[in-house]
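A.B. asks: Sharing a model prediction with you, sequence too.
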Amino acid sequence: MKKIITNLTFWVLLAIVSGALLGHFNPQAAIAMQPLGKNFIDIVKLFIYPIIFLTITLGISGMGDLKKVGKVGGKAIIYFEVVTTLALLIGILVAHFIQPGAGVDTGKITQGDISKYTTGAKIFSWLNFLKENLTIQVLILSILFGSILSKIKNHSPITDVLKLLSKYVFKGLHIVMLFAPVGAFGGMAFTIGKYGIATLLPLGKLMLTVYITMIVFVLLILGFILKYYKISILKFLNYIKEELLIVLGTSSSEAALPSLMEKLEKMGCSKSVVGLVVPAGYSFNLDGTTIYLSMSVIFLAQVFHVDLTLEQILTIIGILMITSKGAAGVTGSGFIVLASTLSVVHVIPIEGLALLLGVDRFMSEARAITNFIGNGVATVFLSNHEKEFDRTLMDKAFSKEVYEYAEI
């Protein structure tokens, strides 16, 4: 009984269920809970950039060989492109054969205003991407600062200060994560209260297809990637279950990103690889978002009876390979990228996005969780590939029935 009471997973799961019940039976009160989820995410965000900066800087300064940093970064980009392209193709193939949009009666679906998404829909620009993506900016700054430190002969005084700062930043994070159930409760209550279970029914086939596709992708594709180094995907998922529940409750992978980085280090991944791969993957390795985007485009084509030619499908694949890299794993970002993609393709009415408004919030949970798992798997794979992985630490981490945060 004591283990259950002190288990964060139990409280987060209880909070999610409680939030869903409140949202169903008292929508007005549930919608008022939105600040709980929003404020929790905002507080966690305060830790993301300091943790990225400190982790990367300390990792690179301790690595010594800058060529190795470039090699790891290059391999990470190649890995991201291969896996997200595979996710894109899987999404298109599944939607093509299952046809979730066939027979959908658009008249029975409550439509909404899409102007706030289409107004910002534009062709992907790397310059805008860099300007608007603070994660990438911090990543670049950290690499530069870490590289400069590695060139200084006696950088111990500086790195000692950074290590001390890192220690207290993580202690602060541990305190905040104790309130994860509150954030999960607020996020889930708001989602169910505002959108309601009833909104899922008309597009239930699409929802079910997306969730099943992402589950299969995680278990088979990502599972196969880990199996290459004889690591069980199920044991890995069990290890990060608390973070997955937090992502589920808040619909944002940001809420658990710092904790994921810490757990990957405790699991045996080197600090330098974690620092490079996780922040970069947060912007470039969005498996769940890619699957959602590809399936949604095919879904809308089926709804409006648009027979896409092979050339048009290849064009969509090419556009999504670029625009999907502009989504940052935050709730709603995938929807904006979808609007951008449709505005370029032209053959599918962009007004069709209104059909997805009611269920987009519910599918954002699947996107965020798949993105989150994908980045964890990428880090473990690349750590093993670079021989920067300690299997003894992994066995120790996996053998613990309950993961407890370090004492504060």
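C.D. replies: Received the coordinates, thanks.
A.B. asks: residues touching the closest residue to Lys227 other than its chain neighbours, list them.
C.D. replies: Nearest non-adjacent residue to Lys227, counting by CB to CB, 6 or more residues apart in numbering: Ile233, 7.4 Å away. Quick note: C-beta positions are derived from backbone N, CA and C, even for glycine. Contact analysis of Ile233 by CB atoms under 8 Å, 6 or more residues apart in numbering lists 218-219, 222-223, 226-227, 377.
A.B. asks: before we move on, what about Ile143?
C.D. replies: 56, 60, 69, 73, 276.
A.B. asks: Restricting to C-alpha, output the helix or strand harbouring it in CSV.
C.D. replies: Assigned by DSSP states H and E, Ile143 belongs to helix 134-151. Extracted C-alpha coordinates of helix 134-151, given in CSV (Å, rounded to 0.1, in the frame of the first residue of the first chain):
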residue,chain,number,x,y,z
LEU,A,134,14.2,28.7,-29.3
THR,A,135,15.2,25.0,-28.7
ILE,A,136,17.4,25.0,-31.9
GLN,A,137,18.8,28.4,-30.9
VAL,A,138,19.8,27.1,-27.4
LEU,A,139,21.1,23.9,-29.0
ILE,A,140,23.4,25.8,-31.3
LEU,A,141,24.6,28.2,-28.6
SER,A,142,25.3,25.2,-26.3
ILE,A,143,27.4,23.5,-28.9
LEU,A,144,29.4,26.6,-29.6
PHE,A,145,30.0,27.3,-25.9
GLY,A,146,30.9,23.7,-25.2
SER,A,147,33.3,23.7,-28.1
ILE,A,148,35.0,26.8,-26.8
LEU,A,149,35.3,25.3,-23.3
SER,A,150,36.9,22.1,-24.7
LYS,A,151,39.6,24.3,-26.3
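A.B. asks: Adjust the sequence numbering to begin at 37 for everything that follows.
C.D. replies: In the new count, where the first residue is 37, that last one comes out as helix 170-187.
A.B. asks: Can you mark which positions in that helix are buried?
C.D. replies: 171-172, 174-175, 178-179, 181-183, 185-186 (16 or more other CB atoms under 10 Å).
A.B. asks: Out of those residues, which two sit at the greatest distance?
C.D. replies: Greatest spatial distance among the buried residues of helix 170-187 (CB to CB): Thr171 and Ser186, at 22.4 Å.
A.B. asks: Tally up the residues packed near the closest residue to Ile282 other than its chain neighbours, please.
C.D. replies: Nearest non-adjacent residue to Ile282, counting by CB to CB, 6+ apart: Ala292, 4.6 Å away. For Ala292, the count of nearby residues is 26 (other CB atoms under 10 Å).
A.B. asks: Tell me how far Ala292 lies from Gln64.
C.D. replies: Separation of Ala292 from Gln64 (CB to CB, to the nearest Å): 29 Å.
A.B. asks: ditto for Thr345
C.D. replies: 48 Å.
A.B. asks: And Thr406, by the same measure?
C.D. replies: 32 Å.
A.B. asks: which of the residues in stretch 240-252 are buried?
C.D. replies: Across stretch 240-252, burial judged by 16+ other CB under 10 Å covers 241-243, 245-247, 249-250.
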